[in-house]
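A.B. asks: Below: sequence and its predicted model.
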Amino acid sequence: MSKRERSSPSPQPEPKQRTTESNITGAYLWANKYGDPPGTIWSRETIAEASKLQASAHMWNDMRRLRPLANALPVIKDKFTAEEIPHLQQMTKDIEEEIERLNRLLGDFSEGGIYRVRDIFGEWHTFPFPEVRPRHKLIVRVLGVVAFSQNFDDNNDIKTDNPKQKCLYDLEPMPLSKHDLWRQCDTYETPPWEFWMHEWETGNFHLKRYVWRRNIQKPIGIDFVHEWRHIRELSADQRKDAKHWASHWKMLADRLRSYIKEHRERLKNVDKVICFALGPLHYGFSKCFVQHMAANTVREVLEELKKTKRTQKNIGVVAQDPAYCKHCAHVLQETLSIETTTDFEAFLEVGQNTFVITFAPSAPVCGIIADLTLEVGGPAAMLCDEIEDDYLRPEWDDTRWIDAEPTKNLVAYKRRCSIKEFGDTKDVMGMSYHEFMARYPIVPAELPHDTPNETEIWEEVKKVYSLSFKSNFHDIFLYVRKKSVAPTGSS
């Protein structure tokens with residue numbers, strides 16, 4: 001039986017107990033005493049330091065990726081023709097020079113070296129460089145308020161002598177993703193980006209009579225070949241399905257445009273759109289690209305309201321995600337005029353005239369932004385996961401994303417906003433994503449064989465799980481700030 005037991009496919013969700021002790025009150029008392037400004041956990045200085053560490057981690061990851069290539073090229077030179085050898089030699093030289101350049105920039109930030117992190121009291125600590133196994137990379141992991149609160153005892157004092165547990169961010173090795181290994185944003189042929197943009201804008205399920213589809217007859221490991229197919233090759237059911245989901249995308253685009261126009265007066269001063277954790281692109285799964293298209297739609301509507309020319313991008317869109325590769329950055333710039341960054345600088349660009357977009361991040365993005373923009377009342381708007389109201393609740397529900405962890409300042413921001421529900425999970429599945437996670441806690445393959453009405457339940461679970469992958473925005477809400485400036489001090 002799965003650790004999340006169930007006797008039927010639809011039990012009511014119940015709160016999950018935290019697996020570790022925490023003291024939320026202690027965390028906020030610390031924030032009131034030491035925060036800068038008072039009442040905040042995250043500061044601009046902390047984000048800048050974390051961003052610098054993330055930049056070093058990216059350079060180290062690049063250097064580690066290049067080393068095997070530099071060593072391999074001389075070994076395989078006998079496979080090249082005499083005309084190709086000079087090109088191979090130049091390539092090897094360029095790679096070696098890049099490795100040397102990265103080495104100089106990184107200094108002691110390497111195997112056997114050190115790195116530095118400042119704790120919540122402003123004291124710097126020097127840590128040994130972590131051991132990174134093969135097929136792993138380095139990232140900077142940041143804490144949410146629940147994790148941060150675990151460092152406080154019943155007297156609201158820091159209960160640990162471990163300096164790492166006093167830091168809001170730290171280096172952490174993690175396995176390479178499939179995107180790191182296979183660059184899933186590159187199709188090596190005509191890509192689907194234009195096709196997906198056409199679907200989003202028009203609701204038409206084909207582009208010049210062709211569609212981009214998975215070929216289930218041609219698996220590549222656990223992935224599949226995706227290819228262009230003429231609509232006459234589709235069955236009647238496949239056409240109907242494709243038409244339905246194209247119409248669904250158009251409905252979402254129209255809904256987003258309507259919501260922005262509804263709040264035109266409050267959004268008239270927006271000067272930039274900043275996105276967090278929209279994910280790297282994948283030629284076989286449209287979700288991440290759809291979310292980036294939504295960001296571009298926000299920009300286009302805001303520019304339309306300002307009566308600017310469509311070809312003139314007066315409102316910039318910046319997307320931050322450490323998982324982007326160079327090809328992701330190229331695609332987003334060329335197709336949607338979206339700039340990208342893999343470090344944390346985008347947090348420092350958020351101000352009172354910023355439209356923030358983030359969906360299910362693994363970091364407490366909204367809580368960080370609420371702290372950084374406290375003195376100006378928060379950003380102009382946030383399109384993000386639902387913000388809970390009870391930031392002092394004693395239990396934690398693990399069916400929600402970490403970004404749904406409410407903080408004192410985030411809840412205060414929510415109360416200054418008008419709110420519209422935007423997510424499409426209810427449209428797709430007939431329930432919220434939170435309800436889905438609580439009601440269907442196991443994947444179909446894990447369904448116990450001794451379950452009553454096993455076949456019927458199994459088919460229901462399979463159907464719902466299949467639909468869950470069609471949802472692009474889960475439990476997403478639009479929060480538009482009513483007031484431009486917050487009260488001074490803690491909110």
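C.D. replies: Sure, I can see it.
A.B. asks: drop to CA atoms for contacts and neighbour counts, all remaining ones
C.D. replies: OK.
A.B. asks: Spatially central, which residue of this structure would that be?
C.D. replies: Per C-alpha atoms, centre = their mean, the C-alpha nearest to the average position across the chain is that of residue 277, at 2.1 Å.
A.B. asks: my guess is it contacts residue 366, does it?
C.D. replies: No: applying C-alpha atoms under 8 Å as the test, residue 277 and residue 366 come out as separate, 11.4 Å apart.
A.B. asks: Okay, now the unreliable bits of the chain?
C.D. replies: Counting by pLDDT under 70, the ranges of the chain that qualify are 1-22, 216-224, 308-313, 391-404, 440-455, 457, 484-491.
A.B. asks: Now do the strands in it.
C.D. replies: Assignment of strands within the chain using DSSP state E yields the ranges 114-118, 124-128, 136-142, 169-175, 210-220, 223-230, 272-276, 316-320, 338-341, 354-358, 381-385, 417-421, 476-481.
A.B. asks: tell me which strands and helices the second one is in contact with?
C.D. replies: Packing partners of strand 124-128 (3 or more C-alpha pairs under 8 Å, 6 or more residues apart in numbering; DSSP states H and E): strand 114-118.
A.B. asks: do the third one as well
C.D. replies: Under the contact criterion of 3+ C-alpha pairs under 8 Å, 6+ apart, strand 136-142 touches helix 44-75, strand 169-175.
A.B. asks: now do the first one
C.D. replies: Strand 114-118 sits against strand 124-128, with contacts defined as 3+ C-alpha pairs under 8 Å, 6+ apart.
A.B. asks: now the angle from the strand it packs on to strand 169-175?
C.D. replies: Angle of strand 124-128 versus strand 169-175, following axes from the mean of the first three to the mean of the last three C-alpha atoms, to 10 degrees, is 20 degrees.
A.B. asks: Strand 124-128 pairs with which strands?
C.D. replies: strand 114-118 (antiparallel) (DSSP bridges).
A.B. asks: Any buried residues in the strand it pairs with, and which?
C.D. replies: 115, 116, 117, 118 (16 or more other C-alpha atoms under 10 Å).
A.B. asks: State the distance from the residue of the chain positioned farthest from its centre to residue 372.
C.D. replies: For the chain, the largest distance from the centre (C-alpha atoms, centre = their mean) belongs to residue 82, which lies 46.8 Å off. Distance from residue 82 to residue 372, counting by C-alpha to C-alpha, to the nearest Å: 59 Å.
A.B. asks: same check, this time on residue 140
C.D. replies: 19 Å.
A.B. asks: which of those two has more neighbours?
C.D. replies: residue 372 (28 against 21; other C-alpha atoms under 10 Å).
A.B. asks: Surely residue 428 touches residue 473?
C.D. replies: No: using C-alpha under 8 Å, residue 428 is not in contact with residue 473, being 10.4 Å away.
A.B. asks: Looking at those two, which is more packed in?
C.D. replies: When residue 428 and residue 473 are compared for neighbours, residue 473 comes out ahead with 24 against 19, by other C-alpha under 10 Å.
A.B. asks: so what's that one closest to, chain neighbours aside?
C.D. replies: residue 423 (4.9 Å; C-alpha to C-alpha, 6 or more residues apart in numbering).
A.B. asks: Ok, residue 483 next?
C.D. replies: Residue 483's closest residue in space is residue 416 (C-alpha to C-alpha, 6+ apart), at 6.4 Å.
A.B. asks: count of neighbours near that neighbour?
C.D. replies: With other C-alpha under 10 Å as criterion, residue 416 counts 19.
A.B. asks: residue contacts, it?
C.D. replies: 481, 482, 483 (C-alpha atoms under 8 Å, 6 or more residues apart in numbering).
A.B. asks: would TSV of the helices and strands packed on strand 136-142 with mean neighbour count and distance to residue 304 be doable?
C.D. replies: TSV is the format used below for the helices and strands packed on strand 136-142 (neighbours: other C-alpha atoms under 10 Å; distance: least, C-alpha to C-alpha, whole Å):
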stretch	mean neighbour count	distance to residue 304
helix 44-75	17	33
strand 169-175	17	40
